[in-house]
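>>> this one's sequence-less:
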């Protein structure tokens, strides 16, 4: 596993393009690559059958039609 280079102290921007913003961007890139490596195997695994079944049930559930008026929860009128 790669280790980020340790800085000897805070990096200050001396008028160049880099400084803290560049350091933070490099750290974020490194963290992103490490997360991708850690989870790429999990992302390739098939979705379990019970989860697929639940998704099918949600997909086939009947949604309310647009013509059906919705009841106003805060109203006393029918």
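Looks like it came in fine. These numbers come from a predicted model, not from an experiment. Numbering: from 1, shown residues only.

>>> buried set for the helix or strand containing residue 34?
Here residue 34 sits within helix 19-44, counting by DSSP states H and E. Residues of helix 19-44 classed as buried by neighbour count (16 or more other Cβ atoms under 10 Å): residue 23. Yep, even glycine has a C-beta here, placed from its N, CA and C like the rest.

>>> which is the next helix or strand following it?
With DSSP H and E setting the assignment, the helix or strand that follows helix 19-44 is helix 49-60.

>>> rounded mean pLDDT for that next one, please.
The pLDDT scores in helix 49-60 average 92.

>>> could you say what helices and strands that helix packs with?
Using 3 or more Cβ pairs under 8 Å, 6 or more residues apart in numbering; DSSP states H and E, no helix or strand is in contact with helix 49-60.

>>> what are the contacting residues of that helix?
By Cβ atoms under 8 Å, 6 or more residues apart in numbering, the list of residues contacting helix 49-60 from outside is empty.

>>> what does the pLDDT read for residue 41?
89.

>>> now it: how far from residue 61?
Note on residue 41: its distance to residue 61, by Cβ to Cβ, to the nearest Å, is 33 Å.

>>> same thing with residue 32?
Noted for residue 32: a distance of 37 Å to residue 61, by Cβ to Cβ.

>>> can you check residue 49 too?
Using Cβ to Cβ, residue 49 is found at 19 Å from residue 61.

>>> can you give me the neighbour number for residue 59?
By other Cβ atoms under 10 Å, 7 other residues sit near residue 59.

>>> separation between it and residue 48?
Residue 59 is 17 Å from residue 48, where distance means Cβ to Cβ.
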